[in-house]
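Q: After the sequence you'll find the predicted model.
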Amino acid sequence: MHEIGVVRAMVKTVTDYAAANQIDEISEIVADCGELSLVIPEYVEELYPPVVKGTPLENTKLIVNIVPGMAECEDCDEIFNVIECNGYCQQNGAVRQGLYHPGDPCPGRT
Ligand SMILES: [Zn+2]
């Protein structure tokens, strides 16, 4: 379970940022968790309370957003969900694909 390292790193990032920016109070932390990141959100949520116990983040709330893992077919430019589609483009069954980053211009849909 590598999530404990992820949670510890997240807590350190937030506490370091708060210290550097004179932030005294934090009520909640919102984390985006990518579907293709190999991090299991349920484990992150489960590990958060014991990791923050005794730290300035002890009474904070953790909110985990799941970010869908999207890919762009390099043959037809279709954008599809990698997990739902088992990694195959549903337009032509192609397996050639590149990762799609939300916010990129959407090809083929202008
Ligand atoms: Zn395709």
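A: Here it is on my side, so go on. Keep in mind it's a predicted model, so treat the numbers as computed, not measured.

Q: and residue 15, how far is that from the ion?
A: As judged by Cβ to the ion, to the nearest Å, residue 15 and the ion stand 45 Å apart. No exception for glycine: its C-beta is placed from N, CA and C like everyone else's.

Q: nope, residue 88 is what I meant
A: Counting by Cβ to the ion, the separation of residue 88 from the ion is 9 Å.

Q: quick one: secondary structure of that residue?
A: Classification of residue 88 by DSSP: H, G, I helix; E, B strand; the rest coil places it in coil.

Q: Which of the three states applies to the nearest residue to residue 92 once chain neighbours are set aside?
A: Nearest residue to residue 92, sequence neighbours excluded (Cβ to Cβ, 6 or more residues apart in numbering): residue 76, at 5.5 Å. Three-state assignment for residue 76 (three-state DSSP): coil.

Q: Just the terminal-to-terminal distance for stretch 32-48.
A: Terminal residues of stretch 32-48 lie 14 Å apart, using Cα to Cα, to the nearest Å.

Q: Tell me which stretches of this structure form helices.
A: Using DSSP state H, the helices of the chain run over residues 3-20, 41-52.
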